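**Student:** This is the structure alone, sequence omitted:
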């Protein structure tokens, strides 16, 4: 019984670590990408027009947020599907 508990605990830790890494990645992307896109688009794309550069930065920030939400929803669906398959594969006496 303790072997199963150890495996379950290790799996939970791995899932928590993966979620934390994903959150840190998207937090860094949300901090860096809009600022970078503002200055790059202001200098090279819009040639000094700061309004268009700000709109570009806002669009990049929204893209990062949408990507995080989509990835989270897909991950949640996958974990629900795996849990359902695991539940169906267990014999009835263990449910």
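**Tutor:** Nice, thanks for sending it over. Because the structure is predicted, anything quoted here is derived from the model rather than measured.

**Student:** Contact partners for the residue nearest the centre of the chain?
**Tutor:** Nearest to the geometric centre of the chain sits residue 68, at 4.2 Å (C-alpha atoms, centre = their mean). For residue 68, the contacting residues are 22, 26, by C-beta atoms under 8 Å, 6 or more residues apart in numbering. In short, each C-beta sits where N, CA and C put it, glycine included.

**Student:** hmm, try it at 7 Å
**Tutor:** Contacts for residue 68 were tallied using C-beta atoms under 7 Å, 6 or more residues apart in numbering; they are residue 26.

**Student:** State the distance from it to residue 86.
**Tutor:** According to C-beta to C-beta, to the nearest Å, residue 68 and residue 86 sit 27 Å apart.

**Student:** What of residue 11?
**Tutor:** 11 Å.

**Student:** in the host helix or strand of residue 40, what counts as buried?
**Tutor:** Taking DSSP states H and E as the criterion, residue 40 maps to helix 2-40. The neighbour-count criterion (16 or more other C-beta atoms under 10 Å) identifies 26, 29, 34, 37-38 as the buried residues of helix 2-40.

**Student:** elements contacting it?
**Tutor:** Helices and strands touching helix 2-40, by 3 or more C-beta pairs under 7 Å, 6 or more residues apart in numbering; DSSP states H and E, are helix 50-89.

**Student:** Pull out the buried residues from the helix it packs on.
**Tutor:** Buried residues in helix 50-89, counting neighbours by 16+ other C-beta under 10 Å, are found at 53-54, 56-57, 60-61, 64, 68.

**Student:** Tell me how far that helix lies from the chain's centre.
**Tutor:** 6 Å (C-alpha atoms, centre = their mean, to the nearest Å).

**Student:** Then stretch 40-57?
**Tutor:** With C-alpha atoms, centre = their mean, you get 28 Å for stretch 40-57.
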